[in-house]
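Novice: mind looking at a prediction? Sequence and model below.
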Amino acid sequence: MGVALTRAAQWTMGKLEVSPLNEALLNDIVNFVEQFNSRHPQEAKLVFTEPLQWTTALQASDFTSEYELSGSSVHSQDTDKDGCPLLQLIPPDISVRSFSHLCKVVQLANDSKLKEVWACLEANREPVVKMLGPNFTTAEVSDSSPEAEFKVKLLLILQQLDTQLLNSSITQLSQKVRLSPAAVKRDVELLKSVCGAGEKRLLKSVRYTSDYEFSNGCRSPPWRQAHGEIAYLIIEPCDTEPLFITCSTAGVYLNSGIKQEGEENAYERKSDVYKDLVTLLKSKSLHFTENINEQVVFLNLRREIKMNLFCFHKSPGGGTAAEEFSESSSESEEDEEQSERRGESHTDLPSEYWQIQKLVKYLKGGNQTATVIALCCMRDFNLAQETCQLAIRDVGGLEVLINLLDTDEVKCKIGSLKIMKEISRSSQIRRAIANLGGLQTMVSILDSPDKELKCLAAETIANVAKFRRARRTVRQYGGIKRLVELLDCVPDSAMLSTEQEKDVEVACCGALALWSCSKSTRNKEAIRKAGGIPLLARLLKSPQKNMLIPVVGTLQECASERSYRIAIQTEGMIEDLVKNLNCDNQELQMHCASAIFKCAEDKRTRDLVRQYEGLQPLVVLLNEADNKQLLAAVTGAIWKCSMSMENVVKFEEFKALERLVSLLTDQPEEVLVNVVGALGECAQRPANRATIRKSGGIPPLVSLLTGTNQALLVNVTRAVGACATESENMMIIDRLDGVRLLWSLLKNPNPDVQASAAWAICPCIENAKDAGEMVRSFVGGLELIVNLLKSPNKEVLASVCAAIAKIAKDEENLAVITDHGVVPMLSNLTNTVNDKLHRYLAEAVARCCMWGSNRVAFGEAGAVAPLVRYLRSKDPSVHQATAQALFQLSKDPSNCIAMHENGVVKLLLGMMGSTDEVLQEAAAGCVANIRRLALANEKAKYG
């Protein structure tokens, strides 16, 4: 009952609407309540958690002797556990606490029982909650008492009623045609087209009462839209007085004479409700009824008939137009009104919409010749226009087009595919084709010996396979293997025979379809297994420009997989990609740069790009700043290529850094991510850090720290951190409050941003003037960075440990972070197996030992033994940091004992001979402290 009231019942301003649907629902509820006492006697006695209260029309005289009367008030003899009557009437208010008394109230109401239930439900919008309580209806009930069992039973009964009510409402609604603003507008435009002067006119005039149209397509005022009203019309028939009409979602009807907004008394309905304007006018105007069919048919078919005759006669030699167009299409017909009622958002439907729908009727009902003529006519329309595409779909034309693909007539198949190729550019059409099973048929056509058929099928598949389910369908029905087979042609020479040109076109269409399908990971693997890589590599050498774009597009999509990146290297495709960077086609350049961007994750590819002289063309393409897609691909390729220092040297020669710095402003985020990434890599070389500063790159980099794009923040923090290693750069960063912005990024929820920000903070502290005071000036900053030691992300932990090692160089800051619990937090991390974390954790421990009793605290927290194990690492930097930490810890006797017990001496003795002086000194110092403790013990023991 609760769900039905919320979802099925029709409400307006908190009141139940007077509608057939509501009346039917309430009658069902009345019958349910009346029979409840006899059908469920135990549940009827259950006392409600809260009473149902409403204003009633019942009087004390209506109640029987079962109730106690006191003047005008009535109350029941039975009460709840608190002594409150289960029914109480104090006119005009009534309160009921059980189904047994609710049943009696309905029975006592006699003829007004519907009104009584109506008032009860309006006053109690959530009756089930009041009956059983809010917790009982939403949570698991652990109570096993008899009362709880009855509540569960009652809940199940009410849910069963809900289901019945919802099913009933669905049945009624499904039988009811509901108008939309688009449908009303279409009908008005149709009626306007038959207005005018002369005897043949159907109407004198049709006009809206309001010229203003809301964004939802309605012209009625908002307070009337709440009642489902769409617009108000004044229509003047030729043989009657003007008709004042209301168009609503429920249908159209005559009103009391609305001429303008604000006439509240004029909104009242004065006639039956009709399904549309034409039906209403037929009932009111004899002239309209007699002439409507002939006139509308003439208007809608006049142009089609001319086109059909023209198409039929224009083929030479008595042939049909199919021979010229090589196409065929057919569509099944649906009721035009029904298709418009689907809720399309298109309010302006031009004449082409209706003309195409008439053509579809010819397709469905005609013979082969009629079908061919209709297809030719359809091709004369602009099928790239959305209105035309939806016209075909709305009247069921897609089903017929797909059915034509199963015929034996090649020309019909070709015609059908040509039309579907054009209209499948619409996302709605693509999904409709997939839903109707069109992809399966197109995949089977790829085996056809007719090359034109194969081309069209592949091109249509390329359009349809823009979403995941369609790509999966192509793979599951063997489409990937068939598409790969289409690539097997020989287009190496520039001069081709007619047959070879057809082969090239087939391969091009196959590559186009594979490009769409390759957006799926499983399809990429299927292409590889079907032998697509060597075929794509061969086609990449083709001199045919129209071939290269889909081939490179497919490769750059697949290059996200490592197996493809290796294959692109080994098949020698990098050279071809670099060569095509110098072509004059920007789309091809973009895809080549994008492929290099993805492949340059691997060092071997970066070296090959440099070897084949691909770096300079990339830098030259930075000048194409107007083409943002090309710019994004080129900057991405430069970023990845700059991960090799040999490439960075080349970029310096080509003056790439100055151009990259100029792209730091007024660019989309996709470009900025790549530009900043490239600058971050180039800034690893000292000379480039100065170049970035002299080119004015520091301020825009710092300003980007305030952004929200996570990938951009990761790259910009890296770039700022790299620049901060130069003291002059650091002065600019400090002046622009860059360190504070970096510190604020430690609060970012993305661990990659946190880690990158913490790494960037390290050189800032290292190179800032009066770094200790600067760090203390950040309110809550030290507590924030210490708390990041609780992060589960190893990169965050390593970067934070590195930052803490820098912070702890200042004695006051070390004291503060000690108070924030840095020692136990670092100790908790010592059992990690991550070697990178080992190094920076050991550095942090070494620095933190230099305050108060921190050395002792580390020993008591069990940090010594794990640190000893770090010395077994293969990384020399871990050895150095660990030796320094152990040296500081060895200044406490207890820690020396723990180290000795864990075999530290043998490990350190080997490191005392290292060429690393810092490691050598720290190892020797630690061993010396252990030895001194041993000598002191011997002296104390033996005197």
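Specialist: That came through fine.
Novice: who are the packing partners of the helix or strand hosting Phe48?
Specialist: Assigned by DSSP states H and E, Phe48 falls within strand 47-55. Strand 47-55 is packed against strand 93-98, helix 113-123, helix 127-132, with contacts defined by 3 or more Cβ pairs under 8 Å, 6 or more residues apart in numbering; DSSP states H and E. Bear in mind the C-beta positions are built from the backbone N, C-alpha and C, glycine included.
Novice: of all those, which lies closest to Thr554?
Specialist: helix 127-132 (57.6 Å; Cβ to Cβ).
Novice: dump the closest one to CSV, keeping only the CA atoms.
Specialist: Coordinates of each C-alpha in helix 127-132 appear next as CSV, following Å, rounded to 0.1, in the frame of the first residue of the first chain:
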residue,chain,number,x,y,z
PRO,A,127,0.3,4.3,6.4
VAL,A,128,2.6,1.2,6.6
VAL,A,129,5.2,3.1,8.7
LYS,A,130,2.5,4.2,11.1
MET,A,131,1.1,0.7,11.4
LEU,A,132,4.4,-1.2,11.9
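Novice: Val74 contacts Tyr67, correct?
Specialist: Yes - counting by Cβ atoms under 8 Å, Tyr67 is a contact partner of Val74 at 5.0 Å.
Novice: now for these two: what residues contact both?
Specialist: Leu87 (Cβ atoms under 8 Å, 6 or more residues apart in numbering).
Novice: just for the stretch 51-200 of the chain, where's the confidence low?
Specialist: 136-144, 169-177, 199-200 (pLDDT under 70).
Novice: can you check the stretch 801-943 of the chain too?
Specialist: For the stretch 801-943 of the chain, residues meeting the criterion pLDDT under 70 lie at 941-943.
Novice: so where do the helices sit in it?
Specialist: Secondary structure of the stretch 801-943 of the chain (DSSP state H, counting those that start in this stretch): helices at 811-819, 822-829, 835-848, 854-860, 864-870, 876-889, 893-901, 904-911, 917-942.
Novice: if we can go back for a sec, which one of Val74 and Tyr67 has more residues nearby?
Specialist: Higher neighbour count among Val74 and Tyr67: Val74, with 22 against 19, using other Cβ atoms under 10 Å.
Novice: secondary structure element for that one?
Specialist: Per DSSP H and E: strand 73-76 holds Val74.
Novice: adjacent strands (with direction) for that strand?
Specialist: strand 67-70 (antiparallel), strand 87-90 (antiparallel) (DSSP bridges).
Novice: what's the closest of those to His40?
Specialist: strand 87-90 (18.2 Å).
Novice: ok so, going back, highest mean neighbour count out of the strands paired with strand 73-76?
Specialist: strand 87-90 (a mean of 20; mean count of other Cβ atoms under 10 Å).
Novice: could I get the strands paired with strand 73-76 as a markdown table with distance to Ile568?
Specialist: Formatted as a markdown table, these follow (distance: least, Cβ to Cβ, whole Å):
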| stretch | distance to Ile568 |
| --- | --- |
| strand 67-70 | 90 |
| strand 87-90 | 83 |
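Novice: nearest to Asp607, out of the ones you listed?
Specialist: Using Cβ to Cβ, those put strand 87-90 closest to Asp607, at 90.5 Å.
Novice: what sits up against the closest one?
Specialist: Counting by Cβ under 8 Å, 6+ apart, 56, 58, 60, 63, 67, 72-76, 94-97, 101, 104-105 sit against strand 87-90.
Novice: filter those residues to the buried ones?
Specialist: With burial judged by 16 or more other Cβ atoms under 10 Å, the buried subset of the contacts of strand 87-90 is 56, 58, 63, 67, 74-76, 94-97, 101, 104-105.
Novice: buried ones in stretch 909-927?
Specialist: Buried, per 16+ other Cβ under 10 Å, within stretch 909-927: Met911, Met912, Ser914, Leu919, Gln920, Glu921, Ala922, Ala923, Ala924, Gly925, Cys926, Val927.
Novice: check stretch 805-818 too.
Specialist: For stretch 805-818, a neighbour-count test (16+ other Cβ under 10 Å) marks Ala805, Lys806, Ile807, Ala808, Asp810, Asn813, Leu814, Val816, Ile817, Thr818 as buried.
Novice: for those, give me a markdown table that also has distance to Gly636.
Specialist: Listed next are these as a markdown table, based on distance: Cβ to Cβ, whole Å:
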| residue | distance to Gly636 |
| --- | --- |
| Ala805 | 34 |
| Lys806 | 33 |
| Ile807 | 35 |
| Ala808 | 39 |
| Asp810 | 40 |
| Asn813 | 40 |
| Leu814 | 43 |
| Val816 | 43 |
| Ile817 | 40 |
| Thr818 | 45 |
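Novice: which of these lies closest to Arg872?
Specialist: So of these, ranked by how close each gets to Arg872 (Cβ to Cβ), first place is Ala805, at 21.9 Å.
Novice: nearest spatial neighbour of that closest one, chain-adjacent residues omitted?
Specialist: Nearest non-adjacent residue to Ala805, counting by Cβ to Cβ, 6 or more residues apart in numbering: Glu843, 4.1 Å away.
Novice: hmm, Ala803 and the one you found touching each other?
Specialist: No - between Glu843 and Ala803 there is no contact under Cβ under 8 Å: 10.4 Å.
Novice: just the strands in this protein please.
Specialist: With strands called from DSSP state E, the chain shows them at 11-12, 15-16, 47-55, 67-70, 73-76, 87-90, 93-98, 203-208, 229-237, 243-248, 251-254.
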